[in-house]
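Colleague: Got a predicted structure here, sequence first:
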Amino acid sequence: MNRKTIVATITLLIAAVTLSAAAFGRSQSCCMAKKSSRHERARTAEAVEQDGEQTATVEVTGNGFEPSSLKLKAGVPAKVTFVRKTDETCAKEVVIKEYKIDRKLPLNEPVTVGFTPRKGEFTFACGMGMLRGNLIVE
């Protein structure tokens, strides 16, 4: 190899690494930026109990899950409705592992998940596990 070929190869490698790093940073920014704001917006809402079941709504916004925590009563059937209001985060599905719930969240369409909570604290999250919320069951 001559010197020009080596210099051109190194230049191309540096450009490829730079572009890859920039693209990776953009793909992760939706979630990483929101994690820091999660603590600022931490809010707990209580489910509304009526006719033997409890209901609550969680919106997915540019700030993540709002409210970020839900209080539920153990043993009382729950219906939690998730509404994705933005396309700017990775939260395009909701996962509650302990209850084997994994549902897609179409933009601006309510998705209701039903389960009977047991006492404890559980996490609901986006499919990547980057954006999270808590279920506090007492």
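Modeller: Alright, I've got the coordinates.
Colleague: lowest confidence element among the helices and strands of the chain?
Modeller: helix 3-41 (a mean of 61; mean pLDDT, DSSP states H and E).
Colleague: what about residue 48, distance to residue 55?
Modeller: Note on residue 48: its distance to residue 55, by C-beta to C-beta, to the nearest Å, is 5 Å. To be clear about C-beta, it is placed using only N, CA and C from the backbone, and glycine gets the same treatment.
Colleague: Over to residue 119?
Modeller: For residue 119, the distance to residue 55 - C-beta to C-beta - is 19 Å.
Colleague: In this structure, where's the longest strand?
Modeller: When the chain is parsed with DSSP state E, its longest strand is strand 53-61.
Colleague: Describe which strands it pairs with in its sheet and in which direction.
Modeller: strand 48-50 (antiparallel), strand 64-66 (antiparallel), strand 78-84 (parallel) (DSSP bridges).
Colleague: need the ones you listed in a markdown table with mean neighbour count, can you?
Modeller: Converted to a markdown table, those look like this (neighbours: other C-beta atoms under 10 Å):
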| stretch | mean neighbour count |
| --- | --- |
| strand 48-50 | 10 |
| strand 64-66 | 23 |
| strand 78-84 | 19 |
